[in-house]
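Participant: Following is a predicted model, sequence given first.
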Amino acid sequence: MHELSLAAEILRIVQDAAARDGFRQVALLRLEAGALCGVEVDALRFALSAIAQGTCLAGARIDIEQPPGRAWCIECAAEVEIFSRADPCPQCGAVPLRPCGGHALRVLDLLVP
């Protein structure tokens with residue numbers, strides 16, 4: 001389960017921000033996990049909750065936005081929405097497509113009391 005190592009890295013980012021900015025508690029953590037980033041969102045949420053105990057992230061609400069995948073089709077020169085990196089172009093059926101969005105996992109922001 002690579003979501004546990006991802007959760008550990010997210011916690012490190014949050015703790016680094018807490019040390020730098022001087023806060024002790026996070027009320028809300030907002031993440032983005034694009035449809036193409038290969039992350040199981042429920043597993044990530046569970047992992048974050050499991051490792052947050054005793055940290056500034058304990059008790060925080062965790063919101064995870066899941067933007068759709070976007071890709072560029074060379075054949076029809078269009079940006080299209082996809083749900084998997086293996087999807088063909090929904091307009092012309094061409095493969096492969098070049099992913100251009102929805103492939104990132106990132107911390108968007110923190111709300112601290």
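Facilitator: That came in fine, so what should we check first? Worth saying up front: this structure is predicted, and the values here are computed from it rather than measured. Numbers count the residues shown, from 1 in each chain.
Participant: So what does the residue nearest the centre of the chain have for phi and psi?
Facilitator: By CA atoms, centre = their mean, the chain has its centre lying nearest to A33, at 2.2 Å. Per-residue torsions, A33: phi -130, psi 90 (degrees, to the nearest 10).
Participant: Find me the pLDDT at it, would you?
Facilitator: pLDDT recorded at A33 is 97.
Participant: Now do the contacts for it.
Facilitator: Going by CB atoms under 8 Å, 6 or more residues apart in numbering, A33 touches 39, 41, 44, 64-66, 105. Just so you know, the C-beta spots here come from the backbone N, C-alpha and C atoms, and that holds for glycine as well.
Participant: With P68 instead?
Facilitator: Counting by CB under 8 Å, 6+ apart, the residues that P68 touches are 34-35, 81-83, 102.
Participant: and it, how far is that from I51?
Facilitator: 28 Å (CB to CB, to the nearest Å).
Participant: Now do stretch 95-113, average pLDDT.
Facilitator: Mean predicted lDDT for stretch 95-113 stands at 94.
Participant: Stretch 4-21 now?
Facilitator: Per-residue scores along stretch 4-21 average to 97.
Participant: residues of that stretch that come out buried?
Facilitator: Neighbour-count burial for stretch 4-21 flags 6-7, 10-11, 14, 17-18 (criterion: 16 or more other CB atoms under 10 Å).
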